[in-house]
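Student: next input, structure requested:
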Amino acid sequence: MTRRYVAVTWTEALRLAALDQTPWSEIRQAEEVQLLHREEWWAWWSDEQLTTAIGLPESLCPETLSTDAVSLMSEVWESFSPAPQCGWGTLARVKAVLRRANWSHPQGTVPDRRAVTELLIVQFTDDSEGVLQCWRRALGEGYECHIERLQSDD
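Tutor: A predicted model of the protein is given here:
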(Lines give C-alpha, C1' and ligand atoms only; values in the text may rest on other atoms or scores of the structure.)
Protein backbone atom coordinates (compact mmCIF):
# COMPACT_ATOMS: atom_id res chain seq x y z
CA MET A 1 0.00 0.00 0.00
CA THR A 2 1.40 3.37 -1.01
CA ARG A 3 0.10 6.75 0.14
CA ARG A 4 -2.82 6.56 -2.29
CA TYR A 5 -2.84 3.17 -3.96
CA VAL A 6 -3.05 -0.55 -3.24
CA ALA A 7 -1.19 -3.18 -5.23
CA VAL A 8 -1.04 -6.97 -5.13
CA THR A 9 2.53 -7.29 -6.44
CA TRP A 10 5.76 -5.59 -5.37
CA THR A 11 6.46 -4.46 -8.94
CA GLU A 12 3.08 -2.74 -9.18
CA ALA A 13 3.55 -1.21 -5.71
CA LEU A 14 6.84 0.33 -6.84
CA ARG A 15 5.21 1.72 -10.00
CA LEU A 16 2.33 3.24 -7.99
CA ALA A 17 4.73 4.57 -5.35
CA ALA A 18 6.50 6.53 -8.09
CA LEU A 19 3.14 8.06 -9.07
CA ASP A 20 2.23 9.25 -5.57
CA GLN A 21 5.82 9.86 -4.46
CA THR A 22 5.83 7.24 -1.69
CA PRO A 23 9.43 6.28 -0.81
CA TRP A 24 9.83 2.52 -1.32
CA SER A 25 10.75 2.17 2.38
CA GLU A 26 7.30 3.52 3.29
CA ILE A 27 5.31 1.05 1.21
CA ARG A 28 3.23 -0.95 3.70
CA GLN A 29 3.01 -4.70 3.20
CA ALA A 30 0.49 -7.18 4.58
CA GLU A 31 0.96 -10.50 2.83
CA GLU A 32 -1.63 -12.40 4.89
CA VAL A 33 -4.47 -10.00 4.02
CA GLN A 34 -7.12 -11.08 1.54
CA LEU A 35 -9.35 -8.94 -0.65
CA LEU A 36 -12.95 -9.68 0.40
CA HIS A 37 -14.96 -7.21 -1.66
CA ARG A 38 -14.28 -4.74 -4.41
CA GLU A 39 -16.35 -1.95 -5.87
CA GLU A 40 -15.28 0.46 -8.59
CA TRP A 41 -13.67 2.96 -6.18
CA TRP A 42 -13.03 1.04 -2.94
CA ALA A 43 -11.90 -2.34 -1.65
CA TRP A 44 -12.63 -4.16 1.66
CA TRP A 45 -9.91 -6.39 3.12
CA SER A 46 -9.76 -9.22 5.67
CA ASP A 47 -7.93 -6.96 8.14
CA GLU A 48 -11.03 -4.70 8.16
CA GLN A 49 -9.37 -1.95 6.16
CA LEU A 50 -11.18 -0.01 3.48
CA THR A 51 -8.86 1.26 0.76
CA THR A 52 -9.08 2.73 -2.69
CA ALA A 53 -9.50 0.16 -5.45
CA ILE A 54 -7.35 2.25 -7.80
CA GLY A 55 -4.32 0.17 -8.71
CA LEU A 56 -5.94 -3.23 -8.23
CA PRO A 57 -6.14 -5.48 -11.28
CA GLU A 58 -9.60 -5.46 -12.90
CA SER A 59 -9.66 -9.26 -12.63
CA LEU A 60 -9.84 -9.11 -8.81
CA CYS A 61 -13.53 -8.59 -8.07
CA PRO A 62 -14.71 -10.65 -5.09
CA GLU A 63 -18.15 -9.70 -3.76
CA THR A 64 -18.65 -11.02 -0.23
CA LEU A 65 -20.56 -8.10 1.29
CA SER A 66 -24.35 -7.74 1.19
CA THR A 67 -25.96 -5.25 -1.15
CA ASP A 68 -27.07 -3.13 1.83
CA ALA A 69 -23.56 -3.12 3.34
CA VAL A 70 -22.11 -2.02 -0.01
CA SER A 71 -24.72 0.72 -0.30
CA LEU A 72 -23.98 2.13 3.18
CA MET A 73 -20.21 1.92 2.75
CA SER A 74 -20.38 3.56 -0.67
CA GLU A 75 -22.56 6.36 0.65
CA VAL A 76 -19.95 7.28 3.28
CA TRP A 77 -16.94 6.63 0.98
CA GLU A 78 -18.34 8.92 -1.72
CA SER A 79 -19.13 11.74 0.72
CA PHE A 80 -16.87 14.39 2.19
CA SER A 81 -17.01 12.54 5.52
CA PRO A 82 -14.21 10.59 7.17
CA ALA A 83 -14.80 7.00 8.28
CA PRO A 84 -18.23 6.39 9.83
CA GLN A 85 -18.42 6.81 13.60
CA CYS A 86 -19.59 3.20 13.92
CA GLY A 87 -16.55 2.00 11.96
CA TRP A 88 -16.25 0.40 8.55
CA GLY A 89 -16.38 -3.06 10.15
CA THR A 90 -19.88 -2.42 11.50
CA LEU A 91 -21.12 -1.41 8.05
CA ALA A 92 -19.40 -4.41 6.45
CA ARG A 93 -21.29 -6.72 8.83
CA VAL A 94 -24.72 -5.40 7.76
CA LYS A 95 -26.63 -8.29 6.24
CA ALA A 96 -29.80 -6.29 5.53
CA VAL A 97 -31.51 -3.00 6.29
CA LEU A 98 -34.83 -4.17 7.70
CA ARG A 99 -36.50 -0.77 8.16
CA ARG A 100 -35.78 2.90 7.52
CA ALA A 101 -37.48 5.76 9.31
CA ASN A 102 -36.99 9.49 9.19
CA TRP A 103 -36.07 10.61 12.66
CA SER A 104 -37.61 13.67 14.24
CA HIS A 105 -35.39 15.49 16.68
CA PRO A 106 -37.02 16.73 19.90
CA GLN A 107 -37.64 20.49 19.65
CA GLY A 108 -34.48 22.49 20.16
CA THR A 109 -32.11 19.54 19.66
CA VAL A 110 -31.73 19.52 15.89
CA PRO A 111 -28.00 19.23 15.14
CA ASP A 112 -26.69 22.28 13.33
CA ARG A 113 -27.41 22.24 9.58
CA ARG A 114 -28.20 18.52 9.41
CA ALA A 115 -30.58 18.08 6.53
CA VAL A 116 -31.81 14.49 6.79
CA THR A 117 -31.60 12.10 9.71
CA GLU A 118 -32.64 8.49 9.35
CA LEU A 119 -32.81 5.55 11.73
CA LEU A 120 -31.94 2.22 10.16
CA ILE A 121 -32.94 -1.05 11.78
CA VAL A 122 -30.37 -3.52 10.49
CA GLN A 123 -29.66 -7.22 10.70
CA PHE A 124 -25.99 -8.13 10.99
CA THR A 125 -24.30 -11.20 9.54
CA ASP A 126 -24.53 -12.95 12.94
CA ASP A 127 -28.34 -12.43 12.72
CA SER A 128 -28.39 -9.92 15.60
CA GLU A 129 -30.18 -6.62 15.07
CA GLY A 130 -29.05 -3.08 15.68
CA VAL A 131 -29.95 0.54 15.08
CA LEU A 132 -27.85 2.89 13.00
CA GLN A 133 -28.40 6.63 12.89
CA CYS A 134 -27.49 8.17 9.55
CA TRP A 135 -27.45 11.87 8.84
CA ARG A 136 -26.66 13.65 5.62
CA ARG A 137 -26.29 17.25 4.57
CA ALA A 138 -25.51 18.93 1.29
CA LEU A 139 -22.13 20.65 0.94
CA GLY A 140 -21.71 22.58 -2.28
CA GLU A 141 -21.02 20.01 -5.00
CA GLY A 142 -21.14 17.05 -2.59
CA TYR A 143 -22.47 15.93 0.76
CA GLU A 144 -21.54 14.69 4.21
CA CYS A 145 -22.80 11.33 5.46
CA HIS A 146 -22.26 10.23 9.05
CA ILE A 147 -23.39 6.89 10.45
CA GLU A 148 -23.22 5.86 14.08
CA ARG A 149 -24.55 2.85 15.96
CA LEU A 150 -27.09 3.52 18.65
CA GLN A 151 -26.83 1.27 21.67
CA SER A 152 -29.98 -0.38 22.96
CA ASP A 153 -31.10 0.18 26.52
CA ASP A 154 -31.35 -3.58 27.22
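Student: contact partners for Asp126?
Tutor: Residues in contact with Asp126, defined by C-beta atoms under 8 Å, 6 or more residues apart in numbering, are Arg93. Just so you know, the C-beta spots here come from the backbone N, C-alpha and C atoms, and that holds for glycine as well.
Student: do you know how far it is from Gln34?
Tutor: According to C-beta to C-beta, to the nearest Å, Asp126 stands 20 Å off from Gln34.
Student: residue boundaries of the strands in this structure?
Tutor: Ranges of strands within the chain are 35-38, 42-45, 50-52, 94-102, 116-124, 129-139, 142-150, based on DSSP state E.
Student: identify all contacting residues around the last one.
Tutor: This points to strand 142-150. Under the criterion C-beta under 8 Å, 6+ apart, residues 72, 75-76, 79-81, 84-86, 90-91, 119, 130-137 lie in contact with strand 142-150.
Student: could you redo the last one with a cut-off of 7 Å?
Tutor: By C-beta atoms under 7 Å, 6 or more residues apart in numbering, the residues outside strand 142-150 that reach it are 72, 75-76, 79-81, 84-86, 90-91, 130-137.
Student: now, of those, which are buried?
Tutor: Buried by 16 or more other C-beta atoms under 10 Å: 72, 75-76, 79, 81, 84, 86, 90-91, 130, 132-137, out of those.
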